[in-house]
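[1] just a sequence and a predicted model for now, questions to come.
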Amino acid sequence: MAGLLALVAARLQPAFDRLEPGADPVLRPSGQPGVDFQANGALALAKRVGRPPADLAAEIVATASLGEICTKVEASPKGFVNLTLDDGWLAATLAATAADPRLGRCLAERSLTVVVDYSSPNLAKEMHAGHVRTTIIGDALCRLYADAGHRVIRENHVGDWGTQFGMLIEYLLESGDAGREALSLGDLEGFYRQARAAFDASEELQDRSRSRVVLLQSGDPDTVALWRQYVDLSVAHFTSVYHRLGVLLQPEDVVGESFYNDLLPVVVAELEDKGLLVESEGARCVFPPGFANREGQPLPLIVQKSDGGYNYATTDLAALRDRFGRLGADVAVYVVGAPQALHFQMVFAVGRLAGWIPEGKEPVHVMFGSMLGADRKMFKTRAGDVVKLAELVDEAVERAAAAVAAKSPDLPDGEAQVVAEAVGVGAVKYADLSTDRARDYVFDWDRMLAFDGNTAPYLQYAHARIRSIFRRAGLDAAGLLAGAAAPPVLASPAERDLAVALLDFDTAVAATIGTDSPHKLCSYLFDLAGVFTAFYESCPVLRAPAEVRDGRLLLCAHTAGVLSAGLGLLGITAPERM
RNA sequence: GCCCCCGUAGCUCAGCUGGACAGAGCGGCCGCCUUCUAAGCGGCGGGUCGCAGGUUCGAGUCCUGCCGGGGGCACCA
């Protein structure tokens, strides 16, 4: 069940093919009153075919077999083809879409293996505001890909290797159970700070830490066991934060830097075999063409430092090779901030030179802008500290709880808490997802938790209002949808507008996935909610006469379904009541 | 110096990959609860789409050059 746009475009295609095989109808929603879609293809075709646009448009009107789907097809003097959909066809299409468990969302024509690298915190420290965007955007993309029928492999490329782990292991030994307890409570930050303080204060600890790193790198079993202990406790903490946030990542999705450790020499050796390696200033580098530094000199991607150590470029190359090789990725997605654009361009370029990216496959850097405070500077606390993610979520839920308590004092305590979690977490996520990810985004509690405007609470409220209708009537919305109800009578403009909006779901989701831009789905859902409230204001449902009541109930059930499914694709839950 | 991202209403942002008069929310002003959740809805006012060229039947959208903001550019990730 395709979206409305695709359905109509397909029906229009033969008329365009007659003029020029494969010509694009350029079908768009129309702003003209009483017109649903406009096909602009005739204007584009005019020059190529050597005929006036109006002429072509007239011919399209004459030859298009839009039969039962359009009630009016007109060519404008300028060459636009204006289409007005038939109410009966619209209603029948809506009924069919309502009965579809996917509510019209098409599956991808080809199921791909998509590896998504996101979140990727450093296990030495606690997750902070800097991890919010990658975690939220990455998770939404995973849900969208999976829903479209792709095979999604989540990879949480955590920092679990490096010199700081020598220090942490030594401190874990030194602090014994106390340290383990701090870690199991999730106070990674406190543990790290204490370890750091002890490290700075004691040369002896510094020495032990250094030799511990050597032991770790060389695979000493006892050291590895201690490291594993630290990592497990840390991952458990991260997992609890993910759970709280409603993020899909699980411990088994962790593929940390340590995982690639053994592959790093292999990566360098292969680069050498392929003749790509150049030694420069003591470091072993690859110089991909097209990159220059400040002085205009070729810019290297350093894969082995002059001290013999490897760096993040080496690890990223190993990961790239692993994803397209072992995992058989068709697409490797990196949900990483925009500042790393150059780094990934170079890694991808070297990956291609090395032949690790098969023909037709592609790595994609899904970049995003910085999260800024109200002062338009990097998001920090008043004291200038980074904001812990767990505390951010706490505050969101507290604020939401206060709002819920004020607006809906009758909700039972238990339910109020569940609603507050959904609203608070939803607000944070939606605020992040609802603007073009490439832009920097301004974090603002009041705006994201507002019940007006393009926010999660507004959409959740629209959804809850609909559920309330069914509760009141003692009806089951899901059953209504599945029950292949009779097509609604689209008696009023508000009903008709709602029907059209509902049938745009597939188009919106496809555009969202096609550009890795969750904000497009947000915009659609916001628009749908607006169209619904207009309907809700002007069309009584339960008190409506029998001949329109069932149709309106179906519209309601369908809308609730799209809102909750749409929010679900973004990783946001829609409570039954609020 | 080079490269990347951004520049649309007072503020925060959309603008569906070039289409017919540029939209929303907030803020301001006015109106709407004996009626399915007013956490809502309607109306009014508000824009040289950073600037200048260019391509095109048509440009907020594509190209070039400037201006402004942010970021990146050899051994931290």
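    Alright, I've got the coordinates.
[2] was I right to think A:Val132 contacts A:Val425?
    No: using Cβ atoms under 8 Å, A:Val132 makes no contact with A:Val425, being 11.5 Å away. Using the backbone N, CA and C atoms, a C-beta is placed for each residue, glycine as well.
[3] the closest residue to RNA strand B within chain A: neighbour count?
    Here chain A gets closest to RNA strand B at one residue, A:Gly453, 2.2 Å apart by Cβ to the nearest atom of the strand. Burial of A:Gly453 is recorded as 11 neighbouring residues (other Cβ atoms under 10 Å).
[4] one more: A:Glu155?
    26.
[5] next: A:Glu181.
    Other residues near A:Glu181 come to 13 when the count uses other Cβ under 10 Å.
[6] what helix or strand is it on?
    helix A:164-184 (DSSP states H and E).
[7] now what about that helix, what contacts it?
    Helix A:164-184 is contacted from outside by A:124, A:190-192, A:194-196, A:198-199, A:205, A:208-214, A:216, A:223, A:226-227, A:229-230, A:233-234, A:236-237, using Cβ atoms under 8 Å, 6 or more residues apart in numbering.
[8] got the buried residues for the helix or strand just after it?
    Scanning forward in sequence from helix A:164-184 by DSSP H and E, the next helix or strand is helix A:188-201. Residues of helix A:188-201 classed as buried: A:Leu188, A:Glu189, A:Phe191, A:Tyr192, A:Gln194, A:Ala195, A:Ala198, A:Phe199 (neighbour count, 16 or more other Cβ atoms under 10 Å).
[9] turn those residues into JSON lines, including distance to RNA strand B and pLDDT.
    Conversion of the buried residues of helix A:188-201 to JSON lines gives the following (distance: Cβ to the nearest atom of the strand, whole Å; pLDDT from 0 to 100):
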{"residue": "A:Leu188", "distance to RNA strand B": "16", "pLDDT": "86"}
{"residue": "A:Glu189", "distance to RNA strand B": "17", "pLDDT": "84"}
{"residue": "A:Phe191", "distance to RNA strand B": "19", "pLDDT": "89"}
{"residue": "A:Tyr192", "distance to RNA strand B": "15", "pLDDT": "90"}
{"residue": "A:Gln194", "distance to RNA strand B": "21", "pLDDT": "89"}
{"residue": "A:Ala195", "distance to RNA strand B": "17", "pLDDT": "91"}
{"residue": "A:Ala198", "distance to RNA strand B": "21", "pLDDT": "91"}
{"residue": "A:Phe199", "distance to RNA strand B": "16", "pLDDT": "91"}
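[10] A:Arg437 is in contact with A:Val366, correct?
    Yes: counting by Cβ under 8 Å, A:Arg437 is a contact partner of A:Val366 at 7.3 Å.
[11] residues shared between the contacts of those two?
    Joint contacts of A:Val366 and A:Arg437 (Cβ under 8 Å, 6+ apart) are A:Ile137, A:Asp516.
[12] more neighbours: which of these two?
    A:Arg437 (24 against 20).
[13] wait, what's in contact with the more buried one?
    Contacts for A:Arg437 (Cβ under 8 Å, 6+ apart) come out as A:Arg133, A:Ile137, A:Val366, A:Met367, A:Phe368, A:Gly369, A:Asp516, A:Ser517, A:Pro518, A:His519.
[14] among those, which ones are in strands?
    Counting by DSSP state E, the contacts of A:Arg437 place A:Val366, A:Met367, A:Phe368 in strands.
[15] could you tell me how many residues sit around the second one?
    Think A:Met367. 18.
[16] now do the last one
    Residues within reach of A:Phe368, counting by other Cβ under 10 Å, total 23.
[17] residue ranges in the stretch 1-150 of chain A under the pLDDT threshold?
    For the stretch 1-150 of chain A, residues meeting the criterion pLDDT under 70 lie at A:1.
[18] can we see that at 80?
    Where the stretch 1-150 of chain A drops to pLDDT under 80, the residues are A:1-2.
[19] chain A too?
    A:1-2, A:177-178, A:184-186, A:374-377, A:382-384, A:483-486.
[20] tell me the domain boundaries of it?
    A:4-85, A:164-253, A:456-569 (automatic domain parsing).
[21] of the contacts of A:Arg437, closest to A:Val241?
    A:Arg133 (14.9 Å; Cβ to Cβ).
[22] all strands of the stretch 51-200 of chain A, in order?
    Using DSSP state E, counting those that start in this stretch, the strands of the stretch 51-200 of chain A run over residues A:70-75, A:81-85, A:113-117, A:151-155.
[23] got the angle for the first one vs strand A:81-85?
    The one in question is strand A:70-75. 170 degrees (axes from the mean of the first three to the mean of the last three Cα atoms, to 10 degrees).
[24] partner strands of strand A:70-75 and their direction?
    Looking at strand A:70-75 with DSSP bridges, its partner strands are strand A:81-85 (antiparallel).
[25] give me the neighbour count for A:Asn293.
    Neighbour count for A:Asn293, taken as other Cβ under 10 Å: 9.
[26] distance of it from A:Leu342?
    From A:Asn293 across to A:Leu342, the span is 11 Å (Cβ to Cβ, to the nearest Å).
[27] list the contacts of A:Pro488.
    By Cβ under 8 Å, 6+ apart, the residues touching A:Pro488 are A:Ala91, A:Leu94, A:Ala95, A:Glu495, A:Ala499, A:Val548, A:Asp550, A:Gly551, A:Arg552, A:Leu554, A:Leu555.
[28] got a list of contacts for the strand or helix carrying A:Val347?
    Using DSSP H and E, A:Val347 sits in helix A:341-353. The contact list for helix A:341-353, computed with Cβ under 8 Å, 6+ apart, reads A:271, A:274, A:276, A:286, A:288-291, A:299, A:301, A:313, A:316-317, A:320-321, A:324, A:334, A:336, A:357, A:363, A:365, A:367.
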